[in-house]
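> This is a predicted model, with the sequence first.
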Amino acid sequence: MTHSTPDGLAPQIAVVGLHGHGASHVRRVLELQRAGRARLAAVVDPREPGPGHDAHDAGAPWFPTLGDLLSTPSTHVDVVVLSTPIPTHLPLARAAMEAGIDVLLEKPTTASLAEHAELVAVAERTGRRCQVGFQTFGSHALPAAADLLARGEIGEVQGLGAVGTWVRTASYWKRAAWAGRRRLDGRDVVDGVVTNPLAHAVATTLRLGGATTAQDVAWVDTDLYRANPIEADDTSSVRVKDAGGRRYGFGLSLCAPERSPARVVVRGTRGELVLEYEHDRLLLRTDAVQMDKTYGRSSLLEDLLAARADDRRPLLCDVRDTGAFMRVLEAVRTSADPAPIAPEHVEWQGDGDERHPVVRDVEHWCAEVARTQRTFAELGAPWTA
C-alpha cells in the first residue's frame with residue numbers, strides 16, 4: 001500500500017464500518033467525490049455491502065478487514081474513517097496511523113483512559129493526525145459561546161452543566177452485541193448514556209469550560225442508574241471539578257417521555273448562556289440582553305482534509321483534546337454497576353421493539369443536576385432512596 005498522495009490527486013478515503021452510522025460517512029465521502037474534493041477509495045466491513053448500499057452502488061472496492069486493506073499494495077489510502085465498535089477503536093486507529101494514514105475516529109475515543117493515552121502516544125510517534133468525531137466541536141456556536149463567556153456577558157461563571165433527556169427504545173439496545181454493555185468477552189465497552197449517546201453533552205461542556213486534557217480534570221463523581229434490563233447506565237448524573245476549580249453537572253437520561261434538545265447550560269452572576277448543540281443554537285439571557293442565534297457547522301472530515309493540506313492548522317477535535325472527556329468515561333468505567341431504578345418510578349410505554357421506560361420527572365431532575373452541579377442522590381431524586 002502507498003500512502004503519499006500524488007500531486008493533483010484528490011485525497012483517497014476508506015470507510016471502515018458500513019452498517020449503522022458508517023453509512024452516513026460513506027454518503028459524505030461520496031458528496032466530496034462528486035465535488036472533486038475526495039475519492040472513496042475503499043470500504044471495509046465483515047459484511048460485503050449489497051445492491052442498494054451507497055458503497056456498493058458507487059463501485060468502491062470492498063475488504064472484510066482493515067488488515068486486508070492495508071496489505072493490498074495496489075490500494076492507495078490517505079484517510080481512514082473508523083465507525084466501528086468501541087473496543088476496536090484503539091487497535092484499528094493504531095494500525096492505520098502506523099501505516100502512515102490519518103484517521104477520523106468516531107466517539108467515544110477509546111474504551112478506557114489507558115487506551116486513550118496509548119492512542120495519543122501513537123499519534124505523536126507516527127506524526128499522523130487523529131480527529132475524533134465529536135461533531136459539536138465543529139459547531140461555530142461553540143467558539144461564539146466561549147467568546148461571550150470571555151467577555152463577561154453573563155458575569156462571573158458560577159457553574160456549567162448539560163441536560164440530555166432522550167428516548168431509546170428496545171430496538172436500540174438490540175442494535176449490536178455490545179449495545180448497553182459495560183464489558184463484552186473480557187473487554188471494556190462502556191456503552192452507557194454518559195459515554196456514548198450523550199457523550200457530546202459531556203465533551204462539549206468540558207470544552208466550553210476550558211477542560212480538554214486529562215490533566216484539566218481534578219475529580220469526577222458518578223451516580224449511575226438504569227431502568228432498562230441492560231448492564232450499562234441509561235439515567236445518570238455526573239459531577240466534575242476541573243483543575244481551575246470550575247464545577248460541572250451532567251444530568252443525562254435515555255428514559256424521558258419525549259426527546260428534548262440536548263443543551264449545555266452556563267450560569268453566571270448576571271445571566272445564563274444555553275447552547276443547544278444539536279442545532280448549533282445559542283441563547284443568551286441577561287437583564288440587558290436577550291439573544292437567540294443559530295450558527296453553522298464545519299465538517300470534521302473536511303477539517304481533517306484541510307489540516308492535511310496545511311501543517312500549521314490544528315484539528316477541531318484532536319485526539320489530545322478528548323482527554324478530559326476520557327477522565328469522565330474512566331470514572332464511569334471503574335464505577336460500581338448502575339443501580340436498577342425501582343419499578344414504582346418507571347412507566348413502560350410502547351410494544352415490541354418500540355417498548356421503552358419513562359422515569360417519572362426525569363427531565364426535572366436532570367435539569368437540577370445541570371443547574372446545581374449536584375448528583376441525583378445529593379438532590380434526593382426519588383429513585384435514589
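Right, received. Where do you want to start?
> Roughly how far does L30 sit from I13?
Counting by CB to CB, to the nearest Å, the gap between L30 and I13 amounts to 10 Å. For every residue, glycine as well, the C-beta is placed using N, CA and C.
> Quickly list what's touching both of the two.
Here L30 and I13 have L40 as joint contacts, going by CB atoms under 8 Å, 6 or more residues apart in numbering.
> what about the two, which has more around it?
I13 (30 against 20; other CB atoms under 10 Å).
> Would you mind writing the CA trace of the host helix or strand of the more buried one as CSV?
Under the criterion DSSP states H and E, the helix or strand holding I13 is strand 12-16. The C-alpha atoms that make up strand 12-16 are tabulated as CSV, following Å, rounded to 0.1, in the frame of the first residue of the first chain:
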residue,chain,number,x,y,z
GLN,A,12,-8.3,8.9,-1.0
ILE,A,13,-10.6,7.9,1.8
ALA,A,14,-11.6,4.5,3.2
VAL,A,15,-14.6,4.0,5.4
VAL,A,16,-14.4,1.2,8.0
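> Just the buried positions in the very next helix or strand once past it, please.
Following the chain from strand 12-16 toward its C-terminal end, the next helix or strand by DSSP H and E is helix 22-34. When neighbours are counted by 16 or more other CB atoms under 10 Å, the buried residues of helix 22-34 are found to be 22-23, 25-26, 28-30, 32-33.
> could you dump those residues to JSON lines with distance to A114?
JSON lines is the format used below for the buried residues of helix 22-34 (distance: CB to CB, whole Å):
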{"residue": "G22", "distance to A114": "26"}
{"residue": "A23", "distance to A114": "31"}
{"residue": "H25", "distance to A114": "27"}
{"residue": "V26", "distance to A114": "32"}
{"residue": "R28", "distance to A114": "31"}
{"residue": "V29", "distance to A114": "32"}
{"residue": "L30", "distance to A114": "36"}
{"residue": "L32", "distance to A114": "35"}
{"residue": "Q33", "distance to A114": "38"}
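> just those residues now: which is nearest D147?
Proximity of the buried residues of helix 22-34 to D147, judged by CB to CB, is greatest for R28, which lies at 28.7 Å.
> leaving aside the residues next to it on the chain, what's closest to the closest one?
Taking CB to CB, 6 or more residues apart in numbering, and ignoring the residues beside it in sequence, R28 has L301 as its nearest neighbour in space, at 6.2 Å.
> My guess is the one you found contacts L104. True?
Yes. L301 lies in contact with L104 (CB atoms under 8 Å); the separation is 5.6 Å.
> Find the residues that touch each one of the two.
By CB under 8 Å, 6+ apart, L301 and L104 have these common neighbours: 25, 79, 81, 131.
> Who wins on neighbours among those residues?
Neighbour tally across these (other CB under 10 Å): the maximum, 28 neighbours, falls on V81.
> so where do the helices sit in the stretch 51-200 of the chain?
Assigned by DSSP state H, counting those that start in this stretch, the stretch 51-200 of the chain shows helices spanning 54-57, 66-70, 89-98, 113-126, 141-150, 170-173, 199-208.
> Can I get the fifth one in PDB, CA atoms only?
Only the C-alpha atoms of helix 141-150 are listed here, as PDB (Å, rounded to 0.1, in the frame of the first residue of the first chain):
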ATOM      1  CA  ALA A 141     -21.700  28.200  18.100                       C
ATOM      2  CA  LEU A 142     -19.000  26.800  20.400                       C
ATOM      3  CA  PRO A 143     -16.400  29.500  19.900                       C
ATOM      4  CA  ALA A 144     -19.100  32.100  19.900                       C
ATOM      5  CA  ALA A 145     -20.200  30.900  23.300                       C
ATOM      6  CA  ALA A 146     -16.700  30.900  24.600                       C
ATOM      7  CA  ASP A 147     -16.200  34.400  23.400                       C
ATOM      8  CA  LEU A 148     -19.400  35.600  25.200                       C
ATOM      9  CA  LEU A 149     -18.100  34.000  28.400                       C
ATOM     10  CA  ALA A 150     -14.700  35.500  28.000                       C
END
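> Residues touching that helix, excluding its own?
Contact partners of helix 141-150, identified using CB under 8 Å, 6+ apart, comprise 136, 154, 157, 204, 207-208, 264, 266, 268, 273, 275, 277, 280-282, 284, 293-295.
> which among these end up buried?
Among those, those scoring as buried are 136, 154, 157, 204, 207-208, 264, 266, 268, 273, 275, 277, 280-282, 284, 295 (criterion: 16+ other CB under 10 Å).
> Next, count neighbours for P49.
For P49, the neighbour count with other CB under 10 Å is 19.
> contacting residues around it?
When contacts are counted by CB under 8 Å, 6+ apart, P49 touches 18, 43, 55-56, 62.
> could you say what helices and strands the worst-scoring helix or strand of the chain on mean pLDDT packs with?
When the helices and strands of the chain are compared on mean pLDDT, DSSP states H and E, helix 54-57 comes out lowest with a mean of 86. Identification of packing neighbours for helix 54-57 by 3 or more CB pairs under 8 Å, 6 or more residues apart in numbering; DSSP states H and E yields helix 22-34.
> Give me the spatial nearest neighbour of Q158, chain neighbours excluded.
With CB to CB, 6+ apart as the criterion, Q158 has its nearest non-adjacent residue at 4.9 Å, and that residue is R267.
> For the one you found, list each beta-bridge partner.
Listed beta-bridge partners, R267: G159, E272 (assigned using DSSP bridges).
> With D221 instead?
Each beta-bridge partner of D221 is listed here: R239, as defined by DSSP bridges.
> hmm, back to that, pick the one among the buried residues of helix 22-34 closest to A95.
Proximity of those to A95 (CB to CB) peaks at G22, which lies at 17.2 Å.
> where does the closest one land on pLDDT?
Taken from the predicted model, the pLDDT recorded for G22 is 90.
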